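Participant: Structure of the sequence below:
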Amino acid sequence: MIEQGESLITVDVRSIERAEYVEGHKAASRKDSLMSPVYFSVFLFLLFFLAYWLLQRDQVAFGIAMAGFLLFYGSFKWVYFRQLREARARGNKMLPVRLTFKEHGVLGETRDSEAFRTWPHYVGYVETNKVFVLLPLYRYYSVIPKRVIDPTILAKLQELLSAKMKRL
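Facilitator: This next block holds a predicted model:
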């Protein structure tokens, strides 16, 4: 079993308002796309010239290549739109949650299960005016509304997160 360490801060999240969850989703999505405009622009530039060259050579091959591109691009966008729909729909489906920040990681407990993630399993965190968003290496991010945190604990949480994770 992983050594969890001593409990430092405990936060009980009983409800997340829809606007807070959408703000958390936007913050998490922004983290993933910090460099994507450059890559996407270069990719579109190359795709344009490849499509132009292919259209001049063989219109059937052009149609097949464009259909393949649209299916490939659509499969990635579908994941984004599904996550956004979930963020707008019901953000409270896994609540209440108790997050316990420990020396070696974060313990999340719901009424059905519990999970412990060590600090290296997080890419970082994003802080907005209303929420904290903890971003793991994989899977789902955690949205913590600031309104559920006591102001004295809020300062300690900000200090702990900045010491243990990278702010994105």
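
Participant: Could you pull up phi and psi at the nearest residue to residue 97 once chain neighbours are set aside?
Facilitator: Nearest residue to residue 97 in three dimensions, chain neighbours excluded: residue 13, at 4.7 Å (C-beta to C-beta, 6 or more residues apart in numbering). (Glycine included, C-beta is placed from N, CA and C.) Main-chain torsions, residue 13, degrees, to the nearest 10: phi -110, psi 110.

Participant: Provide the contact partners of stretch 4-24 at residue level.
Facilitator: The contact list for stretch 4-24, computed with C-beta atoms under 8 Å, 6 or more residues apart in numbering, reads 87-88, 91-92, 95-105, 107, 116, 128, 130-131, 133, 141, 143-145, 148-149, 153, 156-157, 160.

Participant: Now do residue 25 against residue 5, distance only.
Facilitator: 30 Å (C-beta to C-beta, to the nearest Å).

Participant: and what of residue 65?
Facilitator: Note on residue 65: its distance to residue 5, by C-beta to C-beta, is 54 Å.

Participant: higher neighbour count, the two?
Facilitator: Neighbours per residue (other C-beta atoms under 10 Å) separate residue 65 from residue 5, with residue 65 holding more: 16 against 13.

Participant: Which pLDDT value belongs to the more buried one?
Facilitator: pLDDT for residue 65: 82.

Participant: Likewise for the one 4 residues further on?
Facilitator: pLDDT recorded at residue 69 is 80.

Participant: For it, which three-state class applies?
Facilitator: Of the three states, residue 69 takes helix according to DSSP: H, G, I helix; E, B strand; the rest coil.

Participant: dump the residue contacts of it.
Facilitator: Per C-beta under 8 Å, 6+ apart, neighbours of residue 69: residue 47.

Participant: pLDDT below threshold where in the protein?
Facilitator: Along the chain, segments meeting pLDDT under 70 span 1-2, 30-37, 40, 76-80, 83-84, 86-94, 139.

Participant: If we use 50, what do you get?
Facilitator: 34-35 (pLDDT under 50).

Participant: in it, which spans are helices?
Facilitator: Secondary structure of the chain by DSSP state H: the helices cover 18-32, 36-57, 59-89, 151-164.

Participant: Could you dump those into CSV with distance to residue 120 added?
Facilitator: Putting the helices of the chain into CSV (distance: least, C-beta to C-beta, whole Å) gives the following:
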stretch, distance to residue 120
helix 18-32, 17
helix 36-57, 25
helix 59-89, 24
helix 151-164, 10
